[in-house]
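[1] Here's a sequence, model it:
(chains A and B)
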Amino acid sequence: MSDLLTHWRKFKREPYAVWLGFALIGFALVLLPFATDAAMGRSWVRILDHTLLYIMLALGLNIVVGFAGLLDLGYVAFFAVGAYLYALLASPQFDLHLPFWTLLPLGALVACMFGVLLGAPTLRLRGDYLAIVTLGFGEIIRIFLNNLNAPVNITNGPQGLNMIDPIMIGDFSFSRTQQVLGITFSSVHNYYYLFLALTLLIIFISIRLENSRIGRAWVAVREDEVAAQAMGINTRNVKLLAFAMGASFGGVSGGLFAGFQGFVSPESFHLTESIMVLCMVVLGGMGHIPGVILGAVLLSILPEALRYIGPLEEALFGRVIVDPADLRLLILGLAMVLIMLLRPAGLWPSPVQRREFAHHDES
Amino acid sequence: MTASTESSLLLKASGISKHFGGLAALMDVSLTIHHKEIYGLIGPNGAGKTTLFNLLTGLYSADSGTITFDGINLSGKQPHEVTQTGIARTFQNIRLFANMTALENVMVGRSVRTHAGVFGAILLNQKTRDEERAIRHRAKELLIYTGIGHHSQMLAKNMSYGDQRRLEIARALATDPKLLALDEPAAGMNATETAALRKLLESIRLSGVTILLIEHDVKLVMGLCDRIAVLDYGKKIAEGIPTEVRRDPAVIGAYLGGAIA
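    A predicted model of the protein is given here:
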């Protein structure tokens, strides 16, 4: 058994093994929507699309909460900013129809600015106090969106904006069924590949930032702000940068969401969404990118999977005893409590501890 | 050593006062530190040593008085700006980045002398790559220099107390300081560890870094420092070379007490 383990460890260090692993994962990700479509139906491909959006959100919040240690409970505001920016600039509301390639960076940029807007007044706050202010910020954005229909109608209020332009790159419309190389790609498949590409880009950016001078400064601020200052780190700039970078990922995700759904309303940007994204980060393993991705995948898939409890109850007891919608939240809550009790650092925490043990083995 | 000229002046604090509410932590304290000396700051608990430290490093701002470091006026400067001008410090109650490795802790110290921004980090161009390599290299050097090179991959929080003290010094040295300010570096160390620390501090001084030392270990201070200032109740009651200071009746009365007399 231990022999097998040593062989596996050795194998893992081989460069070709790493590339083989990447190739297999890539292959699986490419085939995933077709396999899901065949096995579980098209609605599950849509869930995959949503999962990818959540991964982007979780990775954005991970920069703020996981790396820089700033507890942000209003993160969904940046998602909302991205979504509404896209909706306003690509819908009949103002009869503006900007192309996708300008909307995406613009969404990131405007969300960035909102990130700084939130960050600037909260620089001196930490922990619970910061959480309360960010929570307020998130609500303010939502309430603004809800009420900016009078005296001048900008956001169309609680009705939200619809008929948002679908995402188009050149003449390629993502919301139409397309034939490429003789293979039929339906709308949800198209969006899957687009979202996957952007998710990979965001993962790439996250990893690069984590292993940089900037990433170390974020972690230093998280670990001890006074010591970080004494080491010459401009903590004000470093924190604002964390807010801005985190927000920009949220903005991108929001823009994609608007284009994908074709409809946005303030309903989608409730506090519960912020909490959900925060749960993904905490559950997966704060500050550890693979962990955060795992958290996002689990928490976006699990609630959907729990829908099957209804039919299950019927099969077992002959009737639905508890409404699956209620049970979903109950089970989700229970799962969260259990995971936090049993694995407080998250399901897949950063491997520094493991690295350390490896170091002791060598010496 | 005592015959220092004006040109070798590194730090000059004059007329520093600091009040916390009704408590006068420091009253009209002046001191000068010269290039390449080891300057000791001693005094009983609550004498204002750490307050003075925090004023020098920008953590507090003085109610009155001026601090000039290497020709630059430090008043109103933020802690990170003070570090930029060349003062690095350690803390009385160790303040390491607990969940980072020893190497990463020291790498953070290089931050103030390096420049890579967001785009450099994302694109990882040649310049950033070279800078990152230099940061890592320098950090490793400093870990070896301070005698904890073999612990580079260990989390700071899991290191032994003495090694944590060393790591704080390595991290401070990473900022390329002209003045290294150490707040009770020997606190809680045994005799062997203190002797090793003394060796390290002497070697740092030889490398051209000036040292300001707050310390309770009288033997260490007396043996190591070129000059000493004694604080008591926020006032400087003596300053001079160790042999003079230890004979000063005010100092004996206030601090050294029966142990020396």
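
[2] Go through the helix or strand encompassing residue A:25 and flag the buried ones.
    Following DSSP states H and E, the helix or strand that holds residue A:25 is helix A:15-40. Of the residues in helix A:15-40, those scored as buried under the neighbour-count criterion (16 or more other CB atoms under 10 Å in any protein chain shown) are A:33, A:36, A:37. Heads up, the C-betas are built off the backbone N, CA and C, glycines and all.

[3] out of the residues you listed, which touch chain B?
    When these are filtered against chain B using CB under 8 Å from any CB of the partner chain, no residues are retained.

[4] hang on, the earlier thing: which is the next helix or strand following the helix holding residue A:25?
    Past helix A:15-40, further along toward the C-terminus, the next helix or strand under DSSP H and E is helix A:42-61.

[5] as a whole number, average confidence for that following helix?
    In this model, helix A:42-61 has an average pLDDT of 95.

[6] Could you pull out the buried residues of that helix?
    When neighbours are counted by 16+ other CB under 10 Å, the buried residues of helix A:42-61 are found to be A:44-61.

[7] how about residue B:25, phi and psi?
    For residue B:25, the backbone dihedrals (degrees, to the nearest 10) come out as phi -80, psi -40.

[8] Likewise for the one 5 residues further on?
    Backbone torsions for residue B:30, taken as degrees, to the nearest 10, come to phi -130, psi 140.

[9] In chain A, which residue is most central in space?
    Central residue of chain A (CA atoms, centre = their mean): residue A:57, 2.3 Å from the mean position.

[10] check contacts around it.
    Applying CB atoms under 8 Å, 6 or more residues apart in numbering or on different chains, one finds that residue A:57 lies in contact with A:75, A:76, A:79, A:249, A:250, A:253, A:277, A:280, A:296.

[11] any idea how far the first one is from chain B?
    Using CB to the nearest CB, to the nearest Å, one obtains 20 Å as the distance from residue A:75 to chain B.

[12] Correct me if wrong: that residue contacts residue A:251.
    No: the pair formed by residue A:75 and residue A:251 falls short of the contact definition of CB atoms under 8 Å, at 11.2 Å.

[13] Residues of chain A that sit close to chain B?
    Contact residues (CB under 8 Å from any CB) of chain A with chain B: A:205, A:208-209, A:212-217, A:219-220, A:223-224, A:226-235, A:241, A:245, A:352-353, A:355-356, A:359, A:363.

[14] circling back: tell me the one among the buried residues of helix A:15-40 nearest to residue A:20.
    Of all the buried residues of helix A:15-40, residue A:33 has the smallest distance to residue A:20: 22.8 Å, by CB to CB.

[15] Now the residue positioned nearest the centre of chain B: which helix or strand?
    Compute the mean C-alpha point of chain B, and by CA atoms, centre = their mean the closest residue is residue B:181, 1.2 Å away. Under the criterion of DSSP H and E, residue B:181 resides in strand B:179-183.

[16] Going along the chain, name the strands of the chain.
    In the absence of a named chain, chain A is used. A:90-91, A:96-97, A:161-162, A:168-169, A:172-173, A:178-180, A:183-185, A:263-264 (DSSP state E).

[17] let's do chain B instead
    For chain B, the strands identified by DSSP E occupy B:9-20, B:23-34, B:38-42, B:64-69, B:72-73, B:87-89, B:179-183, B:210-214, B:227-232, B:235-240, in order along the chain.

[18] Tell me which of those sits most buried.
    Among the strands of chain B, the stretch with the highest mean neighbour count (mean count of other CB atoms under 10 Å in any protein chain shown) is strand B:87-89, at a mean of 28.

[19] thinking again about what came up before, turn the strands of chain A into JSON lines, including mean pLDDT and mean neighbour count.
    Output for the strands of chain A, formatted as JSON lines (pLDDT from 0 to 100; neighbours: other CB atoms under 10 Å in any protein chain shown):
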{"stretch": "strand A:90-91", "mean pLDDT": "89", "mean neighbour count": "24"}
{"stretch": "strand A:96-97", "mean pLDDT": "88", "mean neighbour count": "12"}
{"stretch": "strand A:161-162", "mean pLDDT": "90", "mean neighbour count": "20"}
{"stretch": "strand A:168-169", "mean pLDDT": "84", "mean neighbour count": "14"}
{"stretch": "strand A:172-173", "mean pLDDT": "83", "mean neighbour count": "14"}
{"stretch": "strand A:178-180", "mean pLDDT": "78", "mean neighbour count": "11"}
{"stretch": "strand A:183-185", "mean pLDDT": "80", "mean neighbour count": "12"}
{"stretch": "strand A:263-264", "mean pLDDT": "94", "mean neighbour count": "22"}
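
[20] Out of these, which is closest to residue B:205?
    For the strands of chain A, proximity to residue B:205 was assessed by CB to CB; strand A:168-169 is nearest, at 63.7 Å.

[21] Give the partner strands of the closest one in its sheet and their orientations.
    strand A:172-173 (antiparallel) (DSSP bridges).

[22] which residues touch the partner strand?
    Counting contacts by CB under 8 Å, 6+ apart, the residues outside strand A:172-173 that touch it are A:166, A:167, A:178.

[23] Now do the residue nearest to the centre of chain A against chain B, distance only.
    Taking CB to the nearest CB as the measure, residue A:57 falls 19 Å from chain B.

[24] now swap in residue A:289 and tell me
    Using CB to the nearest CB, one gets 14 Å for the distance from residue A:289 to chain B.

[25] That residue: how many residues sit nearby?
    As a burial measure, the neighbour count of residue A:289 was computed by other CB atoms under 10 Å in any protein chain shown and equals 22.

[26] just the contacts of strand A:172-173 now: which is nearest residue B:67?
    Sorting these by distance to residue B:67 puts residue A:167 at the head of the list, at 58.4 Å, by CB to CB.

[27] list the contacts for the closest residue to that closest one other than its chain neighbours?
    In space, not counting the residues next to it along the chain, residue A:167 is nearest to residue A:259; the distance is 3.9 Å by CB to CB, 6 or more residues apart in numbering or on different chains. Contacts were defined as CB under 8 Å, 6+ apart; by that measure residue A:259 touches A:86, A:90, A:100, A:103, A:164, A:165, A:166, A:167, A:174.

[28] The same query, at a cut-off of 10 Å, please.
    Contact partners of residue A:259, counting by CB atoms under 10 Å, 6 or more residues apart in numbering or on different chains, are A:83, A:86-87, A:90, A:100, A:103-104, A:107, A:164-168, A:174-175, A:191, A:194.

[29] what's the pLDDT at the closest residue to residue B:254 other than its chain neighbours?
    With CB to CB, 6+ apart as the measure, residue B:232 is the residue that lies nearest to residue B:254, at 4.2 Å, once sequence neighbours are left out. Looking at residue B:232, its pLDDT is 89.

[30] Same question for residue A:36.
    On the pLDDT scale, residue A:36 is placed at 89.

[31] what about the residue in the stretch 151-300 of chain A positioned nearest to chain B, neighbour count?
    With CB to the nearest CB as the measure, the residue in the stretch 151-300 of chain A that lies nearest chain B is residue A:232; the distance is 2.7 Å. For residue A:232, the count of nearby residues is 28 (other CB under 10 Å).

[32] Just to be sure, which of the contacts of residue A:259 are found in helices?
    In this view, the contacts of residue A:259 that belong to helices under DSSP state H are A:83, A:86, A:87, A:100, A:103, A:104, A:107, A:191, A:194.
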